[in-house]
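Colleague: Structure, please.
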Amino acid sequence: MNPTFVTAFRRSAVRLSQASADASSHNMSTGKWFGTLTGVALLLAAGAAGLQWAYNDSAIDRIFAKERRQGGQHR
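Modeller: Below is the predicted model:
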């Protein structure tokens, strides 16, 4: 391996390990961390469910009904 590449990789690894140590030292408890993670997951799931409800098959059928009728005439 190129020694320059190895040196650059080592330096970035040291920076990443220092950044992770700094992030873990902000005294956020494990329960609070998992609570935040659960809240974000629920928010994303609610957004996905809302999009699923808004764009269900019948709405898509209504949007493309005209194209389907026109496509049937060209057979």
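
Colleague: average pLDDT for the host helix or strand of Lys66?
Modeller: Lys66 belongs to helix 65-73 when assigned by DSSP states H and E. Confidence over helix 65-73 (mean pLDDT, whole number) is 70.

Colleague: can you give me the helices for the protein?
Modeller: 3-24, 30-54, 57-63, 65-73 (DSSP state H).

Colleague: How far does the second one sit from its chain's centre?
Modeller: Meaning helix 30-54. 11 Å (CA atoms, centre = their mean, to the nearest Å).

Colleague: cool, the third one as well?
Modeller: With CA atoms, centre = their mean as the basis, helix 57-63 stands 26 Å off its chain's centre.

Colleague: still on that earlier bit, select from the helices of the chain the stretch with the lowest mean pLDDT.
Modeller: helix 65-73 (a mean of 70).

Colleague: which residue is nearest the centroid of this protein?
Modeller: Leu44 (8.5 Å; CA atoms, centre = their mean).

Colleague: what's stretch 10-18 in contact with?
Modeller: Stretch 10-18 has contacts (CB atoms under 8 Å, 6 or more residues apart in numbering) with no other residue. Bear in mind the C-beta positions are built from the backbone N, C-alpha and C, glycine included.

Colleague: Could I have the CA atoms of that stretch written out in CSV?
Modeller: C-alpha atoms of stretch 10-18 as CSV (Å, rounded to 0.1, in the frame of the first residue of the first chain):
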residue,chain,number,x,y,z
ARG,A,10,-4.5,6.5,10.1
ARG,A,11,-5.1,10.3,10.7
SER,A,12,-8.7,10.1,9.6
ALA,A,13,-9.2,7.1,11.9
VAL,A,14,-7.8,9.0,14.8
ARG,A,15,-10.1,12.0,14.0
LEU,A,16,-13.1,9.7,13.8
SER,A,17,-12.3,8.0,17.1
GLN,A,18,-11.9,11.4,18.8
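
Colleague: quick one: the residue nearest to the centre of the chain from Ala8, how far?
Modeller: In this view, Leu44 and Ala8 are 36 Å apart by CB to CB, to the nearest Å.

Colleague: Same question for Thr30.
Modeller: For Thr30 relative to Ala8 (CB to CB), the value is 34 Å.
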